[in-house]
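>>> sequence plus the predicted model coming up.
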Amino acid sequence: MNISNLIRNLPTIVLYANIILAFVIIFLSRKNTSTTWAWVLVLMFIPVLGFILYLFLGQDTRRIKIFIQKEKDDGKKFKATFRHLLSEESSSLTHPSIERDRDLIRLHLNNSHSIFTYNNRIQVLKNGQEKFTALLKALQSARHHIHMEYYIIRNDEIGREVRDILASKAREGVEVRLLYDGMGCLALPKKYVRPIIEAGGEAAVFFPPFLPHINIRVNYRNHRKITIIDGKTAFIGGLNLGDEYLGKSPKYGFWRDTHFMVEGNAVDFLQLRFLTDWEFAAKASLPFDENYFPVKKTTGEKGIQIVSSGPDSKWNAIHQGYFKMITQAEKSIYIQTAYFVPDDSLMEALKTAALSGVDVRIMIPGKRDHPFVHWVSTSYLSELLDSGIKAYIYDYDRFMHVKAVIVDSRVASVGSANFDLRSFIYNFEINAVLYDTEVAYQLEEHFREDMTHCIELTKDLYEKRSYLVRFKESVSRLISPLL
């Protein structure tokens, strides 16, 4: 076939190529049905671009061999490290403070190897200023090791301040390990970590790009944001490392987020998650000894489970936890999330709760960092309004990035996971599930404070949206399984 014939027949070739690829997706893919048909529609309506998007976003490697092996290895390390606690788990389930939540605790033990601990202290940090003030102070106090794992690290003022502390502590002989994601830190220059390495510390990239500044692995990102210091103090939540999280970005303005500083036995489970992620990314084994899991001298009374999920998990643990929390709610459900893209099961659970008389409130940001997700979020929220839920759009001059689910002023889940399919299925996420009325009520109070910066999304307001917005919502809803 000569060049002219090839060009003339190109539309037919593209059509047949898309049909073949569509059949491959339908018959060989292990995605859920809605995701499969979303990809077929994308391929049919935008053939060439759709194929490129599939190469970037659609390769279903969720259960590829490296993840299956990682799951097995992580399970073995969990059992070896916490064998002594596993024998005590049945007795902890009789603790009087968790009588009403025993099933939820058992769920997280079975789907995420998460043991319930009730000797913890928690400090709630509700913005970047509070988080970084506490974090910098804790980093300066490190004596044995600092382990940090982040999705995004910026080479800016706060990013370099943290980096310089890490380098300084490494020169003192403190073990320093920094793990960051290859996509989230795509723009982070290699020179950023050089002072840490030259000082004797270590750095590793989770799923690094094949070529500099090019990474086709959009799925399966390490979205976790944790820090562990001396195995005694830990940080977990939604804040990455960068000046925008201090409200210094003109694009986002004030950044509202929630982070926890934790002391107690729950720190051990954050440590275990870091060590297993480090071994996977750095291809280096570390001893699971008392230096990383010291006996905790501090005592508290807060009950916590550390729940993680990702492509290396057999179960979608965070999704299942949210579902269980919603279905067992008796009085109230408060949800704050940057992205609200629930599946059918969560939509039905929320509708059922609201129709049962539960006070259901959901808050999303008005300022958008991802336009498709914003439009699909408002589309899903509008569908819930008829059932009685209350929806709130956070101030358009500020940015709300909180990832929290609070139920009955008693149980709360705070961490890195948004209320969307990407967090539930494709990303590596980690949440702290808290069983404590005092802290849960504090989180509810923060929610109510945030409501003063919100517009309530009512049925009347939603119906006034323009035809262009309606079109954007329709398209976004159609491809929502891919977002």
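Now that the structure is in, tell me what you want to look at. Remember, predicted model here, so these are calculated numbers, not experimental data. Residues are numbered from 1 along each chain as shown.

>>> what about stretch 355-369, how long is it end to end?
Separation of the first and last residues of stretch 355-369 by CA to CA, to the nearest Å is 32 Å.

>>> so which bits of that stretch are buried?
If you call a residue buried by 16 or more other CB atoms under 10 Å, then stretch 355-369 has these buried ones: 358, 360-368. Where you see a C-beta, it was placed from the backbone N, CA and C, and this is true even at glycine.

>>> is it possible to get TSV of those that adds pLDDT and secondary structure?
Putting these into TSV (pLDDT from 0 to 100; DSSP: H, G, I helix; E, B strand; the rest coil) gives the following:
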residue	pLDDT	secondary structure
358	98	coil
360	98	strand
361	98	strand
362	98	strand
363	98	strand
364	96	strand
365	95	strand
366	91	coil
367	85	coil
368	77	coil
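
>>> okay if I get the residues you listed as TSV plus distance to residue 319?
Output for the buried residues of stretch 355-369, formatted as TSV (distance: CB to CB, whole Å):
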residue	distance to residue 319
358	19
360	18
361	20
362	16
363	20
364	18
365	21
366	26
367	26
368	24
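
>>> tell me the domain boundaries of this protein?
Structural domains annotated on the chain: 3-58, 65-88+120-301, 317-482, as defined by automatic domain parsing.

>>> for residue 311, find the nearest of the ones you listed.
With CB to CB as the measure, domain 65-88+120-301 is the member of the domains of the chain nearest residue 311 (4.9 Å).

>>> from the chain's centre, how far out does the closest one sit?
14 Å (CA atoms, centre = their mean, to the nearest Å).

>>> surely residue 430 is within a helix?
No. Assessed with DSSP: H, G, I helix; E, B strand; the rest coil, residue 430 is strand; it does not lie in a helix.

>>> check contacts around it.
Residue 430 makes contact with 224, 226, 236, 270, 273, 306-308, 415-417, according to CB atoms under 8 Å, 6 or more residues apart in numbering.

>>> can you pull up the bridge partners for it?
residue 308 (DSSP bridges).

>>> in the host helix or strand of residue 384, what's buried?
Under the criterion DSSP states H and E, the helix or strand holding residue 384 is helix 371-385. The neighbour-count check on helix 371-385 (16+ other CB under 10 Å) flags 372-382, 384-385 as buried.

>>> same deal with stretch 394-407?
394-395, 398-407.

>>> could you do stretch 188-200 as well?
188, 192-193, 195-196, 199.

>>> nearest to residue 101 among the domains of the chain would be which one?
Of these, nearest to residue 101 by CB to CB is domain 317-482, at 5.7 Å.

>>> pLDDT value on residue 463, please?
For residue 463, the pLDDT comes out at 87.

>>> OK, contacts around residue 409?
331-332, 437, 440-441, 444.

>>> can you map out the helices along the stretch 151-300 of the chain?
157-171, 194-198, 266-282 (DSSP state H, counting those that start in this stretch).

>>> would you turn those into a markdown table with mean pLDDT and distance to residue 457?
As requested, those are exported to a markdown table (pLDDT from 0 to 100; distance: least, CB to CB, whole Å):
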| stretch | mean pLDDT | distance to residue 457 |
| --- | --- | --- |
| helix 157-171 | 98 | 33 |
| helix 194-198 | 98 | 45 |
| helix 266-282 | 95 | 35 |
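
>>> residue 251: which of those helices is closest?
helix 157-171 (16.3 Å).

>>> pull out the buried residues from that closest one.
Here helix 157-171 shows 158-159, 162-163, 165-170 as buried, counting by 16+ other CB under 10 Å.

>>> now do stretch 429-445
Neighbour-count burial for stretch 429-445 [16+ other CB under 10 Å]: 429-436, 439-440, 442-444.

>>> from the buried residues of stretch 394-407, which has minimum pLDDT?
Among these, residue 395 has the lowest pLDDT, at 85.

>>> against residue 443, how distant is that one?
19 Å (CB to CB, to the nearest Å).

>>> for the closest residue to residue 332 other than its chain neighbours, report the pLDDT, please.
Of all residues not flanking residue 332 in the chain, residue 359 sits nearest, at 4.3 Å (CB to CB, 6 or more residues apart in numbering). As predicted, residue 359 sits at a pLDDT of 98.

>>> please name the residues that touch residue 359.
331-333, 390.

>>> and for residue 403?
237-238, 258, 336-338, 414-419, 431.

>>> how about residue 397?
Contacts of residue 397 by CB under 8 Å, 6+ apart are 253-254, 367.

>>> need those in JSON lines with distance to residue 293, can you?
Formatted as JSON lines, the contacts of residue 397 follow (distance: CB to CB, whole Å):
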{"residue": "253", "distance to residue 293": "41"}
{"residue": "254", "distance to residue 293": "38"}
{"residue": "367", "distance to residue 293": "41"}
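
>>> would you format the helices of the stretch 151-300 of the chain as a markdown table with distance to residue 111 included?
Formatted as a markdown table, the helices of the stretch 151-300 of the chain follow (distance: least, CB to CB, whole Å):
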| stretch | distance to residue 111 |
| --- | --- |
| helix 157-171 | 33 |
| helix 194-198 | 35 |
| helix 266-282 | 14 |
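
>>> of all those, which lies closest to residue 143?
helix 157-171 (9.0 Å).

>>> show me what the closest one is packed against.
With contacts defined as 3 or more CB pairs under 8 Å, 6 or more residues apart in numbering; DSSP states H and E, the packing partners of helix 157-171 are helix 128-140, strand 145-150, strand 175-181, helix 194-198.

>>> those into TSV, with extra columns for distance to residue 458?
Below are the helices and strands packed on helix 157-171 laid out as TSV (distance: least, CB to CB, whole Å):
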stretch	distance to residue 458
helix 128-140	31
strand 145-150	38
strand 175-181	38
helix 194-198	51
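
>>> show me the contacts for residue 237.
Taking CB under 8 Å, 6+ apart, we find residue 237 in contact with 125, 131, 225, 257-260, 403, 414-416.

>>> what is the neighbour count of the closest residue to it other than its chain neighbours?
By the measure of CB to CB, 6+ apart, the closest residue to residue 237 outside its immediate chain neighbours is residue 259, 3.1 Å from it. By other CB atoms under 10 Å, the residues close to residue 259 number 28.
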